[in-house]
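Asks: Pasting the sequence and the predicted coordinates here, then a few questions.
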Amino acid sequence: MSTAVDIILNSLVLGGVFLIVAIGLNIIYGLSRVMNLAHGSIYALGAYASATLMYLGANFFLALIVAPLLVALVGLAIERTVIAPMRKRSIVYTLILTYGLMFLIDGLIKYFWGNEPKFIKLPLFLQDTVPVLGTHYPVYRLATLFVIAATMTGLWLFLEKTKTGVTLRAASTIPEMVSCLGINMKLVHMGAFMLGCAMAAIAGVIAGPLYTIDPIMGHEMLIRSFVVIVIGGLGSLRGAVIAALIIGAVQTLAEFFITDLAMVIVYMLMAVILAFMPRGILGEGRFE
Amino acid sequence: MKRMLLIAVTVVVGLMFAAPGYALAADPVKIGVLVPLTGIVAQGGLEMKYGIEMAAKEKGKVLGRPIELVVEDTQIKPDVAVSKAEKLVFKDGCVSLIGVFSSGVGLALAKNIDKLKVPFVTTHVMTTEFYGMHKWVFRSGQLANDQTAVGNVKGILARPDLKDRKYYVLVHDYAWGHDAGKRFIELAKQNGIKIYNENFDKAPTSTKDWSSYISKIKASGADGIYIAFITNVIPVFAKQAFDFGLTKTSKIVSAAAPGPMELEEGGEACYGIFGASCWSWDVNTPVSDAWEKKFWETYKVIPSDAAVHSYVGAMHLLDAIEKAKSTDVDKISGALRGISFNGPYGTVRISAKDNCMRTDAVLTETMAAPPNPFGAKVAMKVLKIFKAEELGPPEK
C-alpha cells in the first residue's frame, strides 16, 4: 500500500513538472506558431532567478511569484528582439534562432552562477516528511502538487473566464479574424511568449528544490516537454495535461518495475501513440 | 676567416633544423589536456584542469623547454573526445594526452591510440579494462573499480554500522557504473555481505528525479545502498534520499568520491556517505597539507580528489618525459612504466606490468567539517587507511 502511494505521488509530481513546462511550450506554439527550442533554458533561468532571489533574502513563496515575472520580462525581450523580426519567415528561422538562444542562455547561466549544481534551501517546515496513507512523503513534494494544481487552475480560469483569455484562444485558431476585429496581434504574440516563459519559470522554481539546479537542467526537460506535446497534440492544452499524466505515470512505473528500460518504454509509448494517432491524442493546433 | 665562421654557423644551424624530431630549445613541450568543461561534470573537469596546471607550474620546464598545456573540452562524449585528441596531436603537436573523465570516453581514446601514437595518461577513468590495455595507455592518480570495491568491502566489514546491512546496488548506466557495480557485488558476496539485487539497477546519467529509485529501495527493505554515480550526482541523490527520510534508516556507500563543492551545496543532507578513495583534504601529512594550501591559495576552490588525481597524474607524466629525455612515444611510455611520485597521498607508483597505478587509499565518511582554511562545512573524514598491497590487484 505504502509503495503504491509513493508511486502515485511520485508520478503526479513528475508529470506535473513536465506539464507546466510543456504547457508553456504549447502556449507559445499554439498562439505564435514558434517552436521555442530555448524553452528548457528559460525553465533553468526560472530556477536560477528564484535561487538568486532567495540568496538575496526573499522567501521561497515570494521567489515563486517574482521569478516567473522576471523571466516573463526576459521572454518579452526575446520576443521583441529575436522572434518578432522573424515572424513572417519560415518556422525554420525561429527554430535555428531559438536553438542558438538556448546556448546563449546556458552560457550566461554558467558565467554568472557557475557550473556546479546548486541546492535550493527550503523553509524548515517544507523539509520534513509527513505520513500519507502508510508512507512518509516529503512535505515539499506535496506542496509542489498543490502549486501545480493551483497554476493549472489559474491558467484554466484565465483562458476560460477572462476576455483576454478568450481572445488568446480565438487568436490561436482564427488569427486573421481576430486581427480584423481590431485586436492587436502584436500584443497577443507578446503576451503568449511572456505567459509561456512564465510557465517554464514556475516549473523551474518548483523543480529547483526537488532536483537541484545546474546550467543544463533544461536540456532534458525540453526533450520531455516535446514528448508531452507530441503525444498530447501540438498546441493542445488538454492533450498536454493527459500526456503529462501518462508520461509521469509510465516513467515512474517503468523506473520501479523495469528500471533499465524505463526511458525506452517512454519513447516506445510515444512511437506507438504516433503510429495510431499521428496528430497526437487530441490533434494538432486546437488551443482549447 | 669571418666568412668561414659565418658559413660554419649557417651549416650547423641548418643541420640542426633539418634533423628529424628537432625542436628549438625555446619551443614548448605541448601536453594535450582532455577534460569535460561543459555538462554535468564541468566543475570536476575544471578541477582536473587546475590540478594539471598546478603540476605544470610546479615543474616549470621539461627537457629544458617550457611546458604548454593545450586544453580541450571533451563534453564527456567519446566521439568529441576522439576528434579533440586528433586535433591536439596532429594539429597542435602535443606529445602526450592527459586527463579524461568517464570510462566511456577513456575507452574510446584508448582504442584510437595506435592512430594517435602518443602516450595517454588518464587521471580519472576507473574501468578495470585499462589494466594492461595498451603499451601507450596508462592510469595514474585514480583508483580503479576493483581497488575501490576492495576498499569499500574492507570498509564495510570493518565498520559495525555498515557490516550487517543488506545492500541495494544502483549505478549510472554506462561502462564505469556497470563495471563498478559488478566488481562490488562479486567481492561483497565472497565476503558474506548481503546484496539485495545482484542484477543491479542502472539509471540513466540524465536522471534528475530519483524518487522512483528511492521508493524502490524503501520497498526492498534494504538498509544499505551502494551507489556508483558520476561524482557530481552523488550529493543530488543523497539530498533526495534525505528528503524522503531514507538516510535515517539506510547508509550510503559510494564507489566514487563526491565533489566537495557539491557536498557544500548539499550540506547536512550529504552527511553519512561512506566510500574508499585515494585522498580527501582530511589526510594530514606535511605534503598533503602543503599541496592543499597551495591549491586553495591559487584557485580559491576546496581541494578535491579530481584536482589531486590530475596533479599526481601530470607529475608522473612530466617526470617521465624528463626521464625519457625525449618526446618519443615509446621512450615516454617506457619511462612511465614503474615510475613513482611522492605526492599528497604518499608514494604513487605506476605498475611496470599493467600500466596502472598502485597507491594507498582511505575510507571516508562525509560529516560536519571541523574548522578548516577553506571554509568547508562538509568534510570527508578519514576513518581508515588501506595499504596499496591490500587493494591490489596483483601485478601480472
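Replies: Happy to help now that I have it.
Asks: residues near B:Arg65, how many?
Replies: 17 (other C-beta atoms under 10 Å in any protein chain shown). For the C-beta atoms, the positions are set from N, CA and C on the backbone; glycine is no exception.
Asks: right, and it touches B:Lys59 too?
Replies: No: B:Arg65 lies out of contact with B:Lys59 (C-beta atoms under 8 Å); the separation is 11.3 Å.
Asks: Longest helix in chain B, please.
Replies: Determined from DSSP state H, the single longest helix within chain B is helix B:305-324.
Asks: Please export the C-alpha coordinates of the helix or strand that it is followed by as PDB.
Replies: Moving toward the C-terminus from helix B:305-324, the next helix or strand (DSSP states H and E) is helix B:329-336. Only the C-alpha atoms of helix B:329-336 are listed here, as PDB (Å, rounded to 0.1, in the frame of the first residue of the first chain):
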ATOM      1  CA  VAL B 329      56.100   7.800 -27.600                       C
ATOM      2  CA  ASP B 330      57.900   4.600 -26.800                       C
ATOM      3  CA  LYS B 331      60.600   6.400 -24.700                       C
ATOM      4  CA  ILE B 332      58.000   8.300 -22.600                       C
ATOM      5  CA  SER B 333      55.900   5.200 -22.200                       C
ATOM      6  CA  GLY B 334      58.900   3.200 -21.100                       C
ATOM      7  CA  ALA B 335      59.700   5.900 -18.500                       C
ATOM      8  CA  LEU B 336      56.100   5.900 -17.200                       C
END
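Asks: Next, the angle from helix B:329-336 to helix B:305-324.
Replies: 110 degrees (axes from the mean of the first three to the mean of the last three C-alpha atoms, to 10 degrees).
Asks: Distance from helix B:329-336 to the middle of the chain?
Replies: Its chain's average C-alpha position is 21 Å from that of helix B:329-336, according to C-alpha atoms, centre = their mean, to the nearest Å.
Asks: which other helices and strands contact it?
Replies: Other helices and strands packing on helix B:329-336, by 3 or more C-beta pairs under 8 Å, 6 or more residues apart in numbering or on different chains; DSSP states H and E, are helix B:305-324.
Asks: rerun at 10 Å
Replies: If contacts are counted by 3 or more C-beta pairs under 10 Å, 6 or more residues apart in numbering or on different chains; DSSP states H and E, helix B:329-336 sits against strand B:96-99, strand B:120-122, strand B:137-139, helix B:305-324.
Asks: so the nearest residue to A:Asp260 once chain neighbours are set aside, which of the three states?
Replies: Distances taken as C-beta to C-beta, 6 or more residues apart in numbering or on different chains place B:Lys202 nearest to A:Asp260, at 5.0 Å, with adjacent residues excluded. Of the three states, B:Lys202 takes strand according to DSSP: H, G, I helix; E, B strand; the rest coil.
Asks: which residues does A:Pro68 contact?
Replies: A:24, A:46, A:49-50, A:75, A:151, A:194-195, A:197-205 (C-beta atoms under 10 Å, 6 or more residues apart in numbering or on different chains).
Asks: so where's chain B shaky on pLDDT?
Replies: B:1-25 (pLDDT under 70).
Asks: mind listing what B:Ala307 touches?
Replies: Counting by C-beta under 10 Å, 6+ apart, B:Ala307 has contacts B:44, B:46-54, B:123, B:141, B:259-260, B:279, B:291-292, B:295, B:299, B:301, B:344.
Asks: hmm, who's touching the helix or strand of chain A with the lowest mean pLDDT?
Replies: Using mean pLDDT, DSSP states H and E, helix A:175-180 stands out as the lowest-scoring helix or strand of chain A, at a mean of 77. Helix A:175-180 is contacted from outside by A:31-33, A:167-172, A:174, A:183-186, A:188-189, using C-beta under 10 Å, 6+ apart.
Asks: Show me these that map onto strands.
Replies: Among the contacts of helix A:175-180, no residue falls in strands (DSSP state E).
Asks: Kindly write the PyMOL command that selects the buried subset of those residues.
Replies: Buried members of those can be picked out in PyMOL with the line below, counting by 16 or more other C-beta atoms under 10 Å in any protein chain shown:
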select buried, chain A and resi 31+32+33+167+168+169+170+171+172+183+188+189
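Asks: so which of the contacts of helix A:175-180 comes closest to A:Glu116?
Replies: Nearest to A:Glu116, judged by C-beta to C-beta, of the contacts of helix A:175-180 is A:Ser32 at 35.3 Å.
Asks: Next, the residue nearest to the spatial centre of chain B: secondary structure please.
Replies: Geometric centre of chain B, nearest residue: B:His124, 2.5 Å, by C-alpha atoms, centre = their mean. With three-state DSSP as the basis, B:His124 sits in coil.
Asks: I'd assumed B:Ser103 was in contact with it.
Replies: Yes: counting by C-beta atoms under 10 Å, B:His124 touches B:Ser103, with 9.1 Å between them.
Asks: re the thing from before, contact partners for the residue nearest to A:Asp260?
Replies: A:259-262, B:169-174, B:177-178, B:181, B:228.
Asks: so what's B:Asn145 up against?
Replies: B:103, B:125-130, B:175-184, B:228, B:255-256.
Asks: Restricted to strands, list the residues you listed.
Replies: B:Ala228.
Asks: just the strands in the stretch 51-200 of chain A please.
Replies: For the stretch 51-200 of chain A, the strands defined by DSSP state E, counting those that start in this stretch occupy A:129-132, A:135-138.
Asks: Could you export those strands to CSV, including columns for mean neighbour count, distance to A:Ile242 and mean pLDDT?
Replies: Converted to CSV, the strands of the stretch 51-200 of chain A look like this (neighbours: other C-beta atoms under 10 Å in any protein chain shown; distance: least, C-beta to C-beta, whole Å; pLDDT from 0 to 100):
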stretch, mean neighbour count, distance to A:Ile242, mean pLDDT
strand A:129-132, 14, 25, 89
strand A:135-138, 22, 25, 90
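Asks: Could I get these in CSV, plus columns for distance to B:Phe242?
Replies: Below are the strands of the stretch 51-200 of chain A laid out as CSV (distance: least, C-beta to C-beta, whole Å):
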stretch, distance to B:Phe242
strand A:129-132, 10
strand A:135-138, 9
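Asks: I figured B:Phe101 was touching B:Thr74, is that so?
Replies: Yes: when contacts are counted by C-beta under 10 Å, B:Phe101 is listed as touching B:Thr74 (7.2 Å).
Asks: intersection of neighbour lists for these two?
Replies: Common contacts of B:Phe101 and B:Thr74 (C-beta under 10 Å, 6+ apart): B:34-36, B:39, B:41, B:45, B:81.
Asks: Out of those, list just those in strands.
Replies: Per DSSP E, the subset of the shared contacts of B:Phe101 and B:Thr74 in strands is B:34-35.
Asks: What about chain A: which of the shared contacts of B:Phe101 and B:Thr74 touch it?
Replies: Among the shared contacts of B:Phe101 and B:Thr74, proximity to chain A is found for B:36, B:39, B:41, B:45 (C-beta under 10 Å from any C-beta of the partner chain).
Asks: out of everything not next to it in sequence, what's closest to A:Ala249?
Replies: Among residues not flanking A:Ala249 along the chain, A:Ser11 sits closest, at 4.3 Å (C-beta to C-beta, 6+ apart).
Asks: Within its sheet, name the partner strands of the helix or strand harbouring B:Ala276 and how each one runs.
Replies: In this assignment (DSSP H and E), B:Ala276 forms part of strand B:273-277. Looking at strand B:273-277 with DSSP bridges, its partner strands are strand B:251-254 (parallel), strand B:361-368 (antiparallel).
Asks: roughly how far apart are the residue nearest to A:Asp260 and A:Met1?
Replies: Per C-beta to C-beta, to the nearest Å, B:Lys202 is found 28 Å from A:Met1.
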